[in-house]
Structures are given as C-alpha cells and as structure tokens.
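Trainee: Provided below for reference: sequence and predicted model.
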Amino acid sequence: MDTMMGLINLEHEHDFLNELTYFRCGAAVPFAGRFRMIDFTLSNMAKSNINEVAIFTRSKYRSLMDHLGSGADWDLDRRHGGLFILPPDWNDPTDISKGDLSHFHNNRDYFERGKSDYVLISGSQFISNTVYHKLFQHHLETGADVTLLTTTYEELHPEHNACIKVKVDEDGSVLSLTNDAKNPHVFSGVYVLRKSLLLELVDECIANYSNHFFLDGIKSNLDRLNIQSYHYDGYSSIVNSVDSYYRHNMALLDRKSYNSLFSNEENVLTKVGNQAPTKYSGLSKVSKSLIATGCVIDGQVDNSVLFRGVNVSEGAVVKNSIIMQRCNIEAGAHLENVIMDKDVTITKGQVLKGAKEQPFVIAKRRKI
Amino acid sequence: MDTMMGLINLEHEHDFLNELTYFRCGAAVPFAGRFRMIDFTLSNMAKSNINEVAIFTRSKYRSLMDHLGSGADWDLDRRHGGLFILPPDWNDPTDISKGDLSHFHNNRDYFERGKSDYVLISGSQFISNTVYHKLFQHHLETGADVTLLTTTYEELHPEHNACIKVKVDEDGSVLSLTNDAKNPHVFSGVYVLRKSLLLELVDECIANYSNHFFLDGIKSNLDRLNIQSYHYDGYSSIVNSVDSYYRHNMALLDRKSYNSLFSNEENVLTKVGNQAPTKYSGLSKVSKSLIATGCVIDGQVDNSVLFRGVNVSEGAVVKNSIIMQRCNIEAGAHLENVIMDKDVTITKGQVLKGAKEQPFVIAKRRKI
Amino acid sequence: MKKECVTMLLAGGVGTRLGLLTKNLAKPAVPFGGRYRIIDFALSNCLNSHMHTVGVLTQYSPLELHKHIGVGKPWDLDRMEDGLTILSPFTEKDGGSWYLGTADAIAKNMNYIEGYDPEYLIVISGDHIYHMDYDKLLQHHKEKEADVTISVVEVPWKETSRFGILNTTENLRIYEFEEKPKNAKSNLASMGIYIFNWKVLKNYLVEDAKLSSSNHDFGQDILPAMIGDDRLLYAYRFDGYWKDVGTIESYWEAHMDLLKEDLSLSLNNNDWRTYSHDSNFAPQLIEDTAVIQHSLINNGCVVAGSLDHSILFENVEVSEGSVVKQSILHPGVCIGKNVLLDRVIVQENVTIPDGTKIVASREEEPIIVSSHNLKAVHS
Amino acid sequence: MKKECVTMLLAGGVGTRLGLLTKNLAKPAVPFGGRYRIIDFALSNCLNSHMHTVGVLTQYSPLELHKHIGVGKPWDLDRMEDGLTILSPFTEKDGGSWYLGTADAIAKNMNYIEGYDPEYLIVISGDHIYHMDYDKLLQHHKEKEADVTISVVEVPWKETSRFGILNTTENLRIYEFEEKPKNAKSNLASMGIYIFNWKVLKNYLVEDAKLSSSNHDFGQDILPAMIGDDRLLYAYRFDGYWKDVGTIESYWEAHMDLLKEDLSLSLNNNDWRTYSHDSNFAPQLIEDTAVIQHSLINNGCVVAGSLDHSILFENVEVSEGSVVKQSILHPGVCIGKNVLLDRVIVQENVTIPDGTKIVASREEEPIIVSSHNLKAVHS
C-alpha cells in the first residue's frame, strides 16, 4: 500500500501574531475555542493514515512541545513512527545548508528511516478539517512529480497577499506560481511528492546555496517538474496576521461556517483538557458565542469566543472578543473587541475596548 | 502519599567520551551491550514510583530524543506527568540566569505543575540498578533538607577524582564536601530535596549570579542546611572518561559483577529493539563475552561486548573490544582493545589493535 | 513482578433499578454529569491514588464499556508492566463458568492477582460517583493492622434499609454485617470498597468456592464468615464527595444537585481531577436565540432553544423554539423545533421530532426516552 | 467511526495436539523462536499491513496471553479510536453463552464489528508462524470482486489429509471445500485466513446461528453454505514464510529449521519486522567454559555449558558441565550442572537439577519437560 509520511515545516512562519507570538510560535497559538493552530494540520494528517509526522521548528517551540506531548491525543504516540518534534540541535561542522534546507539536511535520517515512499508537507496557517486521501489519490493517478493542494476564495482579503497564487490548465497542470494579487486560486501550502524526489531536490538546493525548499526546489523547477494542482472545495481559511486571526475566529460564530469546519464526520483532534461541562447560572446571558468546557458564566457573553476555564462574573460583559484559557473576568468588567491571551485577570469594573479593525491584544498572565 | 518528581541534569556533563561524544551527549552513549548510559538512572527513577521526569540538556540531545522517544519503554508515556526533554528554547529577555540555573529558571513551570512535593536530581554518570525508595524514606525520616546518595569504592580510580567526596558524622550528617583524593566515600550525584526548598535555593543562586546549582546552592550552604548522606551498598560505577567507560564495560564480563548489576529482581529498562535471538553457527567460538540480540557469529569473540546486530564473519577475531550496534566485522579481520561506535564496517583481513590502557576508539559509520 | 497492592474493579453489574438506562449497557458505562461515565470516577480515583495495577471485571453487556475504557489512556493505565487489564470470564481445559457473585469473580481471577504477589487487595465497585484516595484507606488499613478494612459512609437513618449496614464498636471494629436491615442499629453503610490482606482473603475465597450453598458474595458470605472467625475488620469513615445513583430518581437528583454545587470542589476539583474519554468535539455554539439558565453544557452542543436546569452531554442539539427543563440529554441527542421536555432523560443518539411534548410531573419518576418508547411517552 | 476493514484474530484455540505445551496456555501464547509467542506473528502482520482495527477473540486460558498482549504496545495497537480490543465471552439481559465455533465467535461480536461499519472483515488465526501482507490479500479480494477470499498454501500431497483442502477451477475460484480429505483432489490447503464482504457474511452468520445442527464453524458450515449458493469464493495463493506448528514434532522441527535459515529473511527481516513484548533482560553472558554451536540465544541467558542445535529463550541459565543438544529451553529455564538434554523441550521457569539426563531418541517425539513430569522423564 502506498503511504505518506508527514512534515509540518514551521521554518518560514515567522512571529505573525504579534503579542500572541512573543513566547510561542504561531503554530502553538490557541484557535477556535479549544484548539491550537497546528491541530488542524496535524489532525488532518493523523486521519489520513499518516503514521509518522515530523515538525521542523527553529525557536519558540516549547509551548508546542507542551501541547503535543507524546502525540497521544492524535494517536501518534507510536513505537514505530509517531510524532517527531525536531529542534535545531545540529553538530555537523561540514554543514553548508541554509534556511529550511538545514532542517532537511540535518533530519535526513527521519526521511530515510521512514517507511513511506511519499511525503506530505504543510505549514500551520491553512485551517481546514479534511483528510488528504483524495489529494494523494490524485497525485498517484496523475503521476505528477508534485501535487499542490489549492483552493479558491471568493473574496480576497489581506491575508491572501502572502499566499502563492496558482494558474493551471484545464487538466490541473500548474502553469505558473505567482503573487498575482487578483488571482483567487490560492496554494494552501500543502503538497505531496515522492520521498526520493524530495531528497534529490534538497541536495540540489543545498548545492546551490538556496534557503527555501519550496521556492527554490519546486517553484524554480516548474519548467522541468510535472506539478499538478488538486482543488479543495471544503471550508478553509488562511490565518497569518492578527486581523485574519480575529476574523476567522469570529467567522465560526456563524452556524454555517461552524458546521462546515466542524460538523464533519471527523472531529479535529487536540489535547484533551478534562474539564467539566460549562456551567451557566441563573444570571447568565449568552448569545452567538463559541464556548469551551470548564467555563463558569454568570455574566453576559455576546458574539465571542471563550476558551477553557474562563470565568465571567456577575454583571461582566464580553462582546466581540476572544478570551483564552483560564481568564478571569471579574464582576462588572466590560470587554469589547479584545483578544486576551491565557491567564489574564480583568479586575472589577475595568473597561477595555478595541476596534473591530484593530482588536486590543492583551499578552498572557497580566492582571489589569 | 509523598512522592518525588525526577530531574536528570546533563548541563555539567561535558563531552567526556571523546569520539563517542562528537555527535551525542554522554548520556546517549551505548553501554553494556544493549543500554545507553542514561537508561540506568532513568530506569531507577521509573521503578521508584516517579511519574514525571525532566531532562535538562543544552546540546547534542538529538540521539537522546531518538532513544527516549515518547518514554514508552520506561512506562513514562503518560498523559499526566511523563517524560520531558527540555532543550534550551528560551525567550525571556529579562533572564539573567547562568549555567544550570538557566534551566531551572526557564523550566520553573515543570516544577510548579508537578504533583510531587519532592525532587530527585541525578546525572547520567552513576551506573547502578536500584530503586530510590530507601533513599527517599531516609530523607523523610531524618527530616533532612537535602539527602545525598553516597557510596564507598574500595579501590579509587582516576574517574573518582572528578567526584565530590563526603565526610559524615556517625548519624550520617554531612560534615564536608571536598575533592579529597584519598576519601573513598563518594557522592553519586543523586540527591533528593523538597521542591519548595529547591525553588528557594534556585532563586538565591540566580540573585547571586551563580552558575552551578549543586555547588553554589547546596554545597556552599552546608553550614545552614541539614544535609544527610544515605549510603548505597549495591554495585555501582562512575563512568566519566574513556578509560572508565572501557573498564566498567569490561567489568561486566565477570559473572559476579554481571549478577550484581543485572540479576536484580528488576531489569534495567531500555529502548526495545525487536531483534531475533543471536545466532551462533558451527564455526563460532565465543567465550567470556556479553552479547546482545540480533548478532550473527561465525567467528571468534573473546572477552568482548557486542551490541545489537553485530556480524562477526568466518575467521574474524574480536578480542577485549566493545563493538556497537550493527558493526560488520568481515572475514579474517582481527580486532583487539578496540571501542567501535555504531555502523562501522571492518573490511576483510583488516587488523586493528589498541592498548588496554588506551583502547582504539573508532567513530561511527566508518568503513575501514 | 511484585506489587504491594492490586485493585479489582467490579464492573459487571446489571444495575436493574436503572431501568432503560442499563438495558444494553453495564451500569458503570451509564453517562453521568454531562461528560463522564460512572466508571470514570473509580478509574480517576485509581490514577489519583497512585493505584496502577487494576483488573476490571466485566461480564454483562461490556461492549460500550470496553470501548469507553479502551486501553486506559485517559487514566494513564496503558502501561507495559501492569496498568489496566480487563478480566472477562474464560474457559479452561475442564470447561468454564460465568462469574456468580462478587467473591466468585475475584476467586476466578486468582491467577491474575497472584501474578503480582500482592500484600493487599483493594476491591472497588464501578457503580458510584465519588472522589476517594484509596491510598489513605490503605494507610489506615496498615495502621490498624486489620485483616479487612471497609469504607463506610453515614446515610440518613430512614434510608438504612437500602444499604449493607455495618455495626461497629466505638473504635470502628466491625462485629456485625446486616444486609438491608429493617431496624438498623447503625447508619454506617458499606460503600462496597474493601481492602483485604490478600493471604487472608485467599483462604476464605478457596473455602467459599467449595460451598454449594454460598452466593459467593462479599457482603453475604465472605465478610460474615470472617466476622464469625473473629478476624479484625475495621470500618473507615469516608466523608468526601459521594453520590449514589442506583435508581432513576437518585440518578436524576444527583444531576440536579450538580447545578447547585461549586464544581471547582467536585467535577472540576484541580486537586482531584476526574478523567474521561474525550471525542474531541468542537466547543459548544450558543446561537442568537438561545436562553440558558442553570445548566451544564459540554462540547459539540449547538443550542438555539431555551434551557433551564438541564444537563447536555456532548454533541447535543437543541433547536429553536424548544424548551428543555430539568432534563438530562445524553450524547448525540437531537431535539427538534418547538419541543417541550420537563423531567426527562433522553438516551444516547435519540432524535426528538419537532413539536414533541414529554413532561413528567413532580410526583412521577423522571421519564427515560429511548428511540423505542418515543411515541409511548409523548404526552 | 467507519473503517474500511476490521480484523478478527481468533486466539481462543485449545491446541490439543501440542500436549503439555497448551495445558494451561492458549496456543497463541506458546513461545516460539527464542523470543516470540505464536500470536506475535499475526499481530506483527497486522502492524506491517496497516490493519489497525483488531479484535482478539479469546476464551481458553487467556491470562498469560492477555498479559503478553497487554494493551498492544509492541504492535502499536494501543490506540484511542480503534487499535486492539480483547473480545471475551460476555452476558446480556437474557444470560450468556460461550463461543461455540469460529463463526459463532464472530457472530457473538457482531456489535463490535458493526461499530466500525466495515466493508470487509478479515478473519485470521493466531496459530501459525508466517509473514503475510493482509493488505495485498485485500487488494486481491477487491480486484476479483469476490465475496470471500481464502488464503491458501500448497502442502505436500501426502499431508493433504491433515488440512482443509480447497478445490478450485483454474482461475482459483473455489467450488468445493473438503475438511481433511482421504483422497484429496488438490493440495491447496486453507490457512484459516479469510476476507469476507461483511454484508454478505453477516447474513450467513445470522442464518447459521439459527441452525441447531450447525457447528458454527467457518470451514464446516459457513463456507460450504456459501459455495452451495454459488457465491464468489476465490483462493489467494501465498508463497511466503509460513510454518505450521500444530504438533509437538512440527513445533520442534520448525525450531531446528530456524538454525539453518538466514534469519535476515525471516525473523530478522528488516522489511517485515516481527515485534514482541520485551522484558528488558541484560545481554547474554557467555562464560569461559561455554562451547556454543548452531544455536539461538536470547537476552538474559548465562551459558557456561555446551550447546548444540538448541534454542534458548530469555533468561535461561545453562551451568558448567551440562550438554544441551537439539533442545528448546523456554524463558526462565535453569539447567544445573552436568545435565544432558537431547531432543527436549523444557517449559517456562522449570529448573533441571544437577546431573539430570533426559534424552529422546530420534524415533520418539521430543520430550516436553514440565515441573510436574520432571522425575518421570529422567532417563
């Protein structure tokens, strides 16, 4: 049976979420009430029969390690295969590789030991809930060298500017990969190729002092590689800025989007938190909100996302906001258009208000 | 129930095994035919009811991560607690800590989240097969601030020079910690103390710009701390140089030492290799040797240690040597007083000979 | 490999008094508290008390239970050397037989226990909701140098006839065991949690197995025999969080109690976490039209209707215009539009069609709704 | 959660023809090859074939087997959502019953299977030593659009009367199944490995359960009924590594064969690893006085005597002056001084006292030594 191994390459995902990425990489930022950004990609992989997943990471990976643990929650705590977080601990004095190529170079043994002939590569900024079976099937059937997962966004937003846009012919062969701001056909960052080809292209890139595997190894070789596009029709979003982060969290308050992302047959896997169900008292007034477990709600919550274990006390109001784990909103406080990182306490009667276009971001463990 | 959490502190264990530690830390060096140095400490901890173990490591920890995996082989692949390898991924701009104190400082959350009130700290150079129940019991009963595991070596060797020597009164209270070359009462590097005291001493050390927790936080406070010694009577050895590494591997060829280290009720836990039993052919001639599984022996092996999957072909002779995983000794080759790292091939008829006092160390993946 | 203490969790109970709830389900697998199953409490106690060698004895309709327990991951019991072992009935060269009583179930698994050569055997049941440190019980047992220690809880005097009652001396030594006495002399009820010195118990099990007249039950046979022999049996008084959910009424009441409690002292107690399997549903979505008061809601729920004094397990939907009061909705329940439920327990994956009205009056027992009796209970 | 394919591993066999080896042990738990138990081969095949949803059906003396399998860690079957499930007999509201035949065992666990709503059901047995890619079998089944595919192996014509023989057309469609025929028409023996279209099988299981005359066995009842209905049954010819160890003689011979083989093609095959539980014994210690030829030795052994054509499982000691020939020493065996063994199988943890002599002549069946018959077999 042909199988894929997985690679989540975080090298080129910089600290794109301001305060939220001061101490953690973007992949580890909480998203959608109970998940972290990386959960979507990782759980897609886990559900696609991928038994070995490596993560290339350069720095700020500690909270990622905490979150992923042994991989048990993704059923990736395997004795054969499993989850490998690969920090940059390299001691090869002859190493001349740069950028993400140094990850590929120094982790060559991961690929060589792996039992699969194909590699699925992804970042963490493409949020979707799917399995990659069809992408893989398409790759095998077309006999392509590389197959890109692409999708089309009806409305283009600033976050799509950073994406690579794709032009294909009628058979789905990729004709060009550009930054054309008006092309709604977007490359998701997910692609699959044969392991042997990957290693070959890596060697070429290193020999040429390149520093970006996709741009230098794949995009630059568009003329000689058979690159196919597989079009994904499901719900997805690209999160690569505070603006897009806020918007795509809020989008999930809409029942249709919520159902599209979550009401699949398959749930998105994440670290299990073991909290009791959320408790609503006689004073609670909640509408249009996404709420995780372990919360205690005595106040008013409107059009907001609450992560695990948030307390909203009597008389407090939370509006158009994202409130992360274990925040404590004391009595009478008023929050509007706020993104609040973990473990923040908002004291009695405090009023904080950002703008919808520019939410007020509060770093973790503050008391305000 | 009072319980301990574990800490294996590798910060002060430098690259003490020459060629064997070019690409890996000492804790990850293979030892005694199927183990790695760290297995002894880690398995002692695992068998002592310790459910949370952290490893402080600065560099060359990749092969350690490979070896330990999710901790499953030590039954430490837990959802609550478990094994934490903590590489130096720190992003605190206000951090002024140095030496191993920066590990303590940046991993404070490990201690704070841990459910145990006591911490057992160890390095990886003290080789023994025991459980720490009695040490812990002693610590609780004497009400000591810190209890050190100590032992006495009848014969002092160069490796003991680097150890701290202990002077105690009749009750086992520690009177002095010195480098007295003639004192056979040696501190093993294993000690236990209350978590709250540990954190207090860490804070003090950092405030004083210290860089060595044990020397600056404990030894320097000998006057005001109640430090007890618990004397360990079982078999043990200190491995901190190529010389001691070679000698203590060879010592296990003696049935008495072998039984002392291994024929406990409890086996030493290590990564499971899934090799078939070792196969001896009609031509094999083996005596006084320690041999792992997966070997195929057609030649002569005498007074040697063979790790997993070693091939000794017809007419080859291996004498007084340590041969690591998957080495291939081709026909007619002759090895004497050699330490050979993993995956080395010795070609037909090759003769290599070191001295007992200075074995010939061959780095991994060579073909000679 | 020697272990000081082996725990045997009795999870084969039929739980007859729970009616429809246990029709195809062992009692320990019955959902509780919005996200748990009853057995989670005993298993979490094992984890929190550092009891890592646990045999789970199953016999009756175990499929759902086995699926829930899996390999024991949520409770860290998926271990190499000990951990969780499911012990179902089996055959030997001379045939096999089913577990007859609680003592018989233990006796038939003597080989499993002996494999760990334990000093002590803890027998617990998967039938109650409680937080208990078995290690403290063990320490108490050791201090008293008892042969048996039985955990007891004080029950209201008027309810003593429902329980196994222990009559003790002032220092809590047990001199008599009465099963459901009409006129109780004590209100100390056995919680069905025992610690035995294994060597002592073993002899009694061997002897009891030979008696054809015996029910092979701890309460009816083994303990009376031990008391008769003047063995040292002590009661251990437990006064923590404990709920009996043996009847439909008490099951429902226990849920209503949860709404009054400070959960940080019970289900959300950080010092004594209750662990369960998690199906990774998305957070609950509360819609514009929802009105929620006095309720507990788990992941995966979508609420557009009104809730009052209700408990929603995972993946429940309550549509617009519906009113759910004093009710318990098990996982996967789907409530259509304009439904009215009051004092109702809806079983797993049942869909209640639009406009349905099911109301149990205050005097009645709460109504259990399954997919089979749906039409019958529609008022 | 839907799975394309569910695997049911029959591990309840009594294995009568293995005599003492299966006295207190299910056949799948019998040690093999110096470090394995028979069931390891089937479980490793599951891992290597990416079959992750495995029900293991046990009934007879399962304790040792369950302990060995544990939660399935060595085979990566300790998973959250599927993985390994041990399926022992259980009771329901209307009582319970034991597994009667192979088909009955599957039928009684229909709920388990239906929980995954599979297209295909693979039935394998834990009784043979073989390396097989069940996925290839499945692909073959799909290509043929068969109702059933049965894996077959060619056996010597003179041995056909020991096997279930399949008579096929040229393109391997099965038109007849003969259980142990006297005059076989074919030498294609069933390996007891079947793939069924689950929906098709299910109907036959339901019908078969109603027949009081049926043995509820695949070979005797289900397959003949399917052939009678002109269902599409195909044979799948297997020619890989396969050993039958159903009798004491064949068990012993299979071990002697191992000494001739290139293990890198069988037990040590890197492309098809065989996984097992590992007790973490230290490496074997070979002493000064040892003479070892043609032998297989596992971890934890200490050898001071002479070995020839012998297999030592883990933690075996052979003391000075002893000679062990053509023998198989199970885990924990301890051979005293000046012992002579020839053509002997010594069972787990048996200690052979100094000076013992046990020899089976070439014509005899190899002698099995347990702690009970030790005196009787001393020559």
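Mentor: Yep, that arrived.
Trainee: pLDDT value on the residue of the stretch 101-250 of chain A found nearest chain C, please?
Mentor: Closest approach between the stretch 101-250 of chain A and chain C, counting by Cβ to the nearest Cβ: A:Asn129, at 9.3 Å. Heads up, the C-betas are built off the backbone N, CA and C, glycines and all. Per-residue confidence (pLDDT) for A:Asn129: 95.
Trainee: Not counting its own residues, what contacts the helix or strand harbouring A:Tyr230?
Mentor: Assigned by DSSP states H and E, A:Tyr230 falls within strand A:227-231. The set of residues external to strand A:227-231 that reach it, using Cβ atoms under 8 Å, 6 or more residues apart in numbering or on different chains, is A:134-135, A:138-139, A:142, A:144-152, A:166, A:168, A:172-174, A:185, A:218.
Trainee: let's see 7 Å
Mentor: Strand A:227-231 has contacts (Cβ atoms under 7 Å, 6 or more residues apart in numbering or on different chains) with A:135, A:138, A:142, A:144-151, A:166, A:168, A:172-174.
Trainee: Using PyMOL, define a selection of the buried residues within the residues you listed.
Mentor: Selecting only the buried entries of the contacts of strand A:227-231 in PyMOL, with 16 or more other Cβ atoms under 10 Å in any protein chain shown as the criterion:
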select buried, chain A and resi 135+138+142+144+145+146+147+148+149+150+151+166+168+172+174
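Trainee: tell me the contacts of C:Ser49?
Mentor: For C:Ser49, the contact set (Cβ under 7 Å, 6+ apart) comprises C:Asp133, C:Tyr134, C:Asp135.
Trainee: What sits closest to it if chain neighbours are left out?
Mentor: In space, and not counting its chain neighbours, C:Ser49 is closest to C:Tyr134: 4.1 Å by Cβ to Cβ, 6 or more residues apart in numbering or on different chains.
Trainee: can you tell me which residues contact the one you found?
Mentor: Going by Cβ under 7 Å, 6+ apart, C:Tyr134 touches C:Asn45, C:Ser49, C:Met51, C:Ile122.
Trainee: List the contacts of the closest residue to the third one other than its chain neighbours.
Mentor: Spatial nearest neighbour of C:Met51, excluding adjacent residues (Cβ to Cβ, 6+ apart): C:Thr7 at 4.7 Å. With contacts defined as Cβ under 7 Å, 6+ apart, C:Thr7 is in contact with C:Cys46, C:Met51, C:Thr53, C:Val54, C:Ile122, C:Ile124.
Trainee: Backbone torsions only: list them for the residue nearest to C:Ser49.
Mentor: phi -60, psi -20 (degrees, to the nearest 10).
Trainee: What of A:Phe307?
Mentor: Per degrees, to the nearest 10, the backbone of A:Phe307 is at phi -80, psi -180.
Trainee: Next: C:Glu365.
Mentor: Taking degrees, to the nearest 10 as the convention, C:Glu365 sits at phi -70, psi 140.
Trainee: can you give me the helices in chain C?
Mentor: C:39-48, C:63-69, C:102-108, C:110-114, C:134-144, C:198-210, C:223-228, C:248-260, C:374-377 (DSSP state H).
Trainee: Give me the contacts around the longest strand along chain A.
Mentor: Assignment by DSSP state E gives strand A:185-194 as the longest strand of chain A. Applying Cβ under 7 Å, 6+ apart, the contact partners of strand A:185-194 are A:4, A:117-123, A:125-126, A:135-136, A:139, A:145-153, A:160, A:163-166, A:177, A:232, A:236.
Trainee: Check the offset of that strand from the chain's centre.
Mentor: Mean C-alpha position of strand A:185-194 versus that of the full chain (Cα atoms, centre = their mean, to the nearest Å) differs by 14 Å.
Trainee: CA atoms of that strand as CSV?
Mentor: Provided in CSV are the C-alpha atoms of strand A:185-194 (Å, rounded to 0.1, in the frame of the first residue of the first chain):
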residue,chain,number,x,y,z
HIS,A,185,-6.8,30.5,-6.8
VAL,A,186,-4.5,30.1,-3.8
PHE,A,187,-1.9,27.5,-2.9
SER,A,188,-2.7,26.2,0.6
GLY,A,189,0.9,25.4,1.5
VAL,A,190,0.0,21.6,1.5
TYR,A,191,1.7,19.5,-1.1
VAL,A,192,2.8,15.9,-1.7
LEU,A,193,5.8,14.4,-3.5
ARG,A,194,7.8,11.3,-3.7
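Trainee: avg pLDDT for that strand?
Mentor: pLDDT averaged over strand A:185-194 gives 97.
Trainee: now swap in stretch C:44-56 and tell me
Mentor: What stretch C:44-56 shows for mean pLDDT is 94.
Trainee: Over to stretch C:263-280?
Mentor: Computed over stretch C:263-280, the mean pLDDT rounds to 88.
Trainee: Check whether it comes near chain A.
Mentor: Yes: judged by Cβ under 7 Å from any Cβ of the partner chain, stretch C:263-280 comes into contact with chain A at C:Leu263, C:Leu267, C:Asn268, C:Arg273, C:Tyr275, C:Asp278, C:Ser279, C:Asn280.
Trainee: Next, count neighbours for the closest residue in space to C:Asp221 that isn't next to it in sequence.
Mentor: Take C:Asp221 and drop its neighbours on the chain: the residue closest to it by Cβ to Cβ, 6+ apart is C:Ser214, 4.7 Å away. When neighbours are counted by other Cβ atoms under 10 Å in any protein chain shown, C:Ser214 registers 18.
Trainee: A:Ser257 should be in a helix, yeah?
Mentor: Yes: per DSSP: H, G, I helix; E, B strand; the rest coil, A:Ser257 lies within a helix segment.
Trainee: That one touches A:Ala251, doesn't it?
Mentor: Yes: the pair A:Ser257 / A:Ala251 is scored as a contact, 4.9 Å apart, by Cβ atoms under 7 Å.
Trainee: Pick out the residue closest to the middle of the chain.
Mentor: In the absence of a named chain, chain A is used. A:Ser124 (3.1 Å; Cα atoms, centre = their mean).
Trainee: try again with chain C
Mentor: Centre-nearest of chain C using Cα atoms, centre = their mean is C:Asp127, 2.3 Å out.
Trainee: Just the pLDDT at the residue in the stretch 51-200 of chain C positioned nearest to chain D, thanks.
Mentor: Chain D sits closest to C:Ser88 of the stretch 51-200 of chain C, with a gap of 3.3 Å, by Cβ to the nearest Cβ. Looking at C:Ser88, its pLDDT is 88.
Trainee: what about the spatially closest residue to it that is not a sequence neighbour, how many residues close to it?
Mentor: In space, C:Ser88 comes closest to D:Ser88 once its chain neighbours are excluded; the distance is 3.3 Å by Cβ to Cβ, 6+ apart. Using other Cβ under 10 Å, D:Ser88 has 24 other residues around it.
Trainee: Hmm, D:Ser88 is touching D:Thr58, no?
Mentor: Yes: assessed by Cβ under 7 Å, D:Ser88 is found in contact with D:Thr58 at 5.5 Å.
Trainee: Up against chain D, what does chain C have?
Mentor: Applying Cβ under 7 Å from any Cβ, we find that chain C lies next to chain D at C:58-63, C:66, C:70-73, C:78, C:80, C:83, C:85-86, C:88-92, C:96, C:98, C:111-112.
Trainee: Among the contacts of C:Tyr134, which lie within strands?
Mentor: Checking the contacts of C:Tyr134 against DSSP E, those in strands are C:Ile122.
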